[in-house]
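Chemist: Take this sequence and fold it.
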Amino acid sequence: MDANKLKEIIKAATEAVEDIENEELKKIAFQTALNTLLRDTNRPTSEENGDKQDYNKPTKKKRIKKIISQNPKESDDPETQKITKELNRTEYAEMDKLTTALNRSLYLLMIVKDKCNVDGLSSTQIITILSKTFRIKAKAPAISMALGKDTKYTDRKEIAVKGGKAFIYKIMNTGEEYIKEQISLIKNEVE
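Modeler: Below you'll find the predicted structure:
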(Lines give C-alpha, C1' and ligand atoms only; values in the text may rest on other atoms or scores of the structure.)
Protein backbone atom coordinates (compact mmCIF):
# COMPACT_ATOMS: atom_id res chain seq x y z
CA MET A 1 0.00 0.00 0.00
CA ASP A 2 1.38 3.39 -0.94
CA ALA A 3 1.85 6.24 1.54
CA ASN A 4 -0.86 8.43 0.01
CA LYS A 5 -3.48 5.69 0.31
CA LEU A 6 -2.49 5.11 3.93
CA LYS A 7 -2.78 8.84 4.65
CA GLU A 8 -6.29 8.85 3.15
CA ILE A 9 -7.32 5.92 5.32
CA ILE A 10 -5.93 7.50 8.49
CA LYS A 11 -7.65 10.79 7.64
CA ALA A 12 -10.99 9.01 7.13
CA ALA A 13 -10.66 7.15 10.44
CA THR A 14 -9.70 10.40 12.23
CA GLU A 15 -12.72 12.24 10.80
CA ALA A 16 -15.01 9.42 11.89
CA VAL A 17 -14.11 9.89 15.56
CA GLU A 18 -13.39 13.62 15.77
CA ASP A 19 -16.43 14.49 17.93
CA ILE A 20 -15.90 11.78 20.55
CA GLU A 21 -14.70 13.53 23.69
CA ASN A 22 -13.77 10.57 25.88
CA GLU A 23 -10.17 9.79 24.93
CA GLU A 24 -10.40 6.05 25.70
CA LEU A 25 -13.54 5.65 23.60
CA LYS A 26 -12.00 7.78 20.88
CA LYS A 27 -8.95 5.49 20.70
CA ILE A 28 -11.14 2.39 20.49
CA ALA A 29 -13.41 3.91 17.83
CA PHE A 30 -10.40 5.12 15.82
CA GLN A 31 -8.79 1.68 15.89
CA THR A 32 -12.06 0.03 14.84
CA ALA A 33 -12.55 2.45 11.94
CA LEU A 34 -8.91 2.11 10.89
CA ASN A 35 -9.03 -1.70 10.97
CA THR A 36 -12.23 -1.73 8.90
CA LEU A 37 -10.82 0.63 6.30
CA LEU A 38 -7.51 -1.24 6.09
CA ARG A 39 -9.25 -4.60 5.81
CA ASP A 40 -11.44 -3.35 2.97
CA THR A 41 -8.46 -1.80 1.20
CA ASN A 42 -6.39 -4.99 1.39
CA ARG A 43 -9.09 -7.21 -0.15
CA PRO A 44 -8.14 -8.35 -3.63
CA THR A 45 -10.20 -6.70 -6.32
CA SER A 46 -11.89 -8.65 -9.05
CA GLU A 47 -9.54 -6.88 -11.51
CA GLU A 48 -6.64 -8.67 -9.83
CA ASN A 49 -8.54 -11.89 -10.46
CA GLY A 50 -8.81 -11.14 -14.20
CA ASP A 51 -12.05 -9.10 -14.32
CA LYS A 52 -12.05 -5.48 -15.43
CA GLN A 53 -14.68 -4.30 -12.95
CA ASP A 54 -13.84 -3.90 -9.26
CA TYR A 55 -16.76 -5.46 -7.40
CA ASN A 56 -15.28 -4.64 -3.99
CA LYS A 57 -15.17 -0.91 -4.64
CA PRO A 58 -18.88 -0.21 -3.93
CA THR A 59 -18.66 -2.25 -0.74
CA LYS A 60 -15.61 -0.28 0.33
CA LYS A 61 -17.33 3.03 -0.40
CA LYS A 62 -20.44 1.96 1.50
CA ARG A 63 -18.41 0.95 4.53
CA ILE A 64 -16.37 4.13 4.54
CA LYS A 65 -19.54 6.15 4.14
CA LYS A 66 -21.17 4.25 6.99
CA ILE A 67 -18.21 4.87 9.29
CA ILE A 68 -17.83 8.52 8.39
CA SER A 69 -21.45 9.52 7.81
CA GLN A 70 -23.04 10.15 11.14
CA ASN A 71 -25.75 12.63 10.30
CA PRO A 72 -29.20 11.20 10.86
CA LYS A 73 -31.53 10.79 7.92
CA GLU A 74 -35.10 12.03 8.03
CA SER A 75 -36.90 10.05 10.67
CA ASP A 76 -39.95 8.01 9.74
CA ASP A 77 -40.71 7.61 13.42
CA PRO A 78 -43.99 9.42 14.23
CA GLU A 79 -42.93 9.90 17.85
CA THR A 80 -39.75 11.71 16.79
CA GLN A 81 -41.71 13.86 14.35
CA LYS A 82 -44.17 14.76 17.11
CA ILE A 83 -41.37 15.73 19.48
CA THR A 84 -39.57 17.87 16.89
CA LYS A 85 -42.81 19.77 16.24
CA GLU A 86 -43.62 20.27 19.95
CA LEU A 87 -40.22 21.47 21.15
CA ASN A 88 -39.16 25.08 20.80
CA ARG A 89 -35.38 25.32 20.98
CA THR A 90 -35.47 28.89 22.30
CA GLU A 91 -37.03 27.61 25.52
CA TYR A 92 -33.95 25.44 26.08
CA ALA A 93 -31.08 27.77 25.19
CA GLU A 94 -28.84 25.94 27.67
CA MET A 95 -28.63 23.01 25.24
CA ASP A 96 -26.13 25.00 23.13
CA LYS A 97 -23.87 25.47 26.16
CA LEU A 98 -23.68 21.77 27.03
CA THR A 99 -20.48 20.37 25.61
CA THR A 100 -20.63 16.60 26.02
CA ALA A 101 -22.78 14.07 24.20
CA LEU A 102 -23.89 12.61 27.53
CA ASN A 103 -25.01 15.98 28.93
CA ARG A 104 -26.92 16.87 25.77
CA SER A 105 -28.56 13.45 25.73
CA LEU A 106 -29.54 13.64 29.39
CA TYR A 107 -30.98 17.13 28.98
CA LEU A 108 -32.97 16.03 25.95
CA LEU A 109 -34.26 12.93 27.75
CA MET A 110 -35.40 15.14 30.65
CA ILE A 111 -37.03 17.69 28.32
CA VAL A 112 -39.05 15.12 26.35
CA LYS A 113 -40.09 13.38 29.54
CA ASP A 114 -41.37 16.59 31.13
CA LYS A 115 -42.64 18.47 28.06
CA CYS A 116 -43.81 15.70 25.70
CA ASN A 117 -44.62 12.89 28.17
CA VAL A 118 -42.22 10.57 26.35
CA ASP A 119 -40.23 8.42 28.73
CA GLY A 120 -37.19 7.25 26.79
CA LEU A 121 -35.58 7.68 23.38
CA SER A 122 -33.26 5.66 21.18
CA SER A 123 -29.89 7.09 20.21
CA THR A 124 -31.21 7.59 16.66
CA GLN A 125 -34.13 9.62 18.00
CA ILE A 126 -31.77 11.69 20.16
CA ILE A 127 -29.52 12.43 17.18
CA THR A 128 -32.48 13.37 14.98
CA ILE A 129 -34.00 15.72 17.59
CA LEU A 130 -30.67 17.36 18.41
CA SER A 131 -30.03 17.93 14.70
CA LYS A 132 -33.49 18.98 13.55
CA THR A 133 -34.80 20.87 16.55
CA PHE A 134 -31.73 22.23 18.31
CA ARG A 135 -29.49 22.48 15.20
CA ILE A 136 -26.67 20.78 17.06
CA LYS A 137 -24.39 18.50 15.10
CA ALA A 138 -24.73 15.11 16.72
CA LYS A 139 -22.54 12.14 15.87
CA ALA A 140 -23.97 8.65 16.21
CA PRO A 141 -20.85 7.07 17.73
CA ALA A 142 -20.52 9.83 20.33
CA ILE A 143 -24.14 9.55 21.47
CA SER A 144 -24.17 5.75 21.42
CA MET A 145 -20.88 5.44 23.31
CA ALA A 146 -21.81 8.06 25.90
CA LEU A 147 -25.15 6.44 26.67
CA GLY A 148 -23.89 2.88 26.32
CA LYS A 149 -21.12 3.50 28.80
CA ASP A 150 -23.37 5.32 31.29
CA THR A 151 -24.83 3.19 34.07
CA LYS A 152 -25.46 5.91 36.62
CA TYR A 153 -27.79 8.41 34.93
CA THR A 154 -29.81 6.34 32.47
CA ASP A 155 -31.49 2.99 32.20
CA ARG A 156 -31.50 1.21 28.87
CA LYS A 157 -33.87 -1.40 27.54
CA GLU A 158 -33.22 -3.47 24.43
CA ILE A 159 -35.88 -3.33 21.73
CA ALA A 160 -36.27 -5.00 18.32
CA VAL A 161 -36.05 -2.63 15.36
CA LYS A 162 -36.38 -3.74 11.72
CA GLY A 163 -34.89 -7.16 12.37
CA GLY A 164 -32.08 -5.80 14.55
CA LYS A 165 -31.76 -4.50 18.04
CA ALA A 166 -31.58 -1.02 19.53
CA PHE A 167 -31.81 0.50 22.96
CA ILE A 168 -34.25 2.92 24.52
CA TYR A 169 -32.59 5.16 27.11
CA LYS A 170 -34.60 6.51 30.04
CA ILE A 171 -33.29 9.19 32.34
CA MET A 172 -33.09 8.17 35.99
CA ASN A 173 -33.53 10.39 39.04
CA THR A 174 -29.75 10.66 39.43
CA GLY A 175 -29.54 11.78 35.80
CA GLU A 176 -32.17 14.47 36.34
CA GLU A 177 -30.37 15.75 39.43
CA TYR A 178 -27.03 15.76 37.62
CA ILE A 179 -28.29 17.59 34.52
CA LYS A 180 -30.25 20.13 36.60
CA GLU A 181 -26.99 20.87 38.41
CA GLN A 182 -25.15 21.29 35.07
CA ILE A 183 -27.89 23.63 33.77
CA SER A 184 -27.74 25.62 37.01
CA LEU A 185 -23.98 26.06 36.56
CA ILE A 186 -24.52 27.30 33.01
CA LYS A 187 -27.18 29.79 34.13
CA ASN A 188 -24.87 31.07 36.90
CA GLU A 189 -22.05 31.59 34.39
CA VAL A 190 -24.32 33.75 32.22
CA GLU A 191 -25.36 35.99 35.12
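Chemist: list the contacts for Gly175?
Modeler: By Cβ atoms under 8 Å, 6 or more residues apart in numbering, the contact set of Gly175 is 106, 109-110, 152-154. The C-beta positions use only the backbone N, C-alpha and C, and glycine is treated the same way.
Chemist: what about 6 Å?
Modeler: 106, 153-154 (Cβ atoms under 6 Å, 6 or more residues apart in numbering).
Chemist: List only those of the residues you listed flagged as buried.
Modeler: Buried subset of those (neighbour count, 16 or more other Cβ atoms under 10 Å): 106, 153-154.
Chemist: Just those: which are in strands?
Modeler: Those of those mapping onto strands are Thr154, per DSSP state E.
Chemist: Of the buried ones among the contacts of Gly175, just say which sits nearest to Asn173.
Modeler: Nearest to Asn173 among the buried ones among the contacts of Gly175 is Tyr153, at 9.2 Å by Cβ to Cβ.
Chemist: List the contacts of that closest one.
Modeler: 106, 172, 174-175, 178.
Chemist: let's go with 8 Å and repeat that
Modeler: 102, 106, 171-172, 174-175, 178-179.
Chemist: how near is it to Ala160?
Modeler: Look at Tyr153 and Ala160: by Cβ to Cβ, to the nearest Å, they are 25 Å apart.
Chemist: again with Thr100
Modeler: Thr100 is 29 Å from Ala160, by Cβ to Cβ.
Chemist: These two - which one has more neighbours?
Modeler: The neighbour count for Thr100 versus Ala160, taken as other Cβ atoms under 10 Å, is higher for Thr100 (13 against 8).
Chemist: can you tell me which of the buried ones among the contacts of Gly175 lies nearest to Lys137?
Modeler: Of the buried ones among the contacts of Gly175, the one sitting nearest to Lys137 (Cβ to Cβ) turns out to be Leu106, at 17.9 Å.
Chemist: For Thr154, see how far away that closest one is.
Modeler: Counting by Cβ to Cβ - Leu106 and Thr154 are separated by 7 Å.
Chemist: how is this structure carved up into domains?
Modeler: Listed domain ranges for the chain are 3-68, 78-190 (source: automatic domain parsing).
Chemist: In TSV, list the ones you listed along with mean pLDDT.
Modeler: Shown next, in TSV, are the domains of the chain (pLDDT from 0 to 100):
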stretch	mean pLDDT
domain 3-68	68
domain 78-190	91
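Chemist: Let me know which of the ones you listed is tucked in deepest.
Modeler: domain 78-190 (a mean of 17; mean count of other Cβ atoms under 10 Å).
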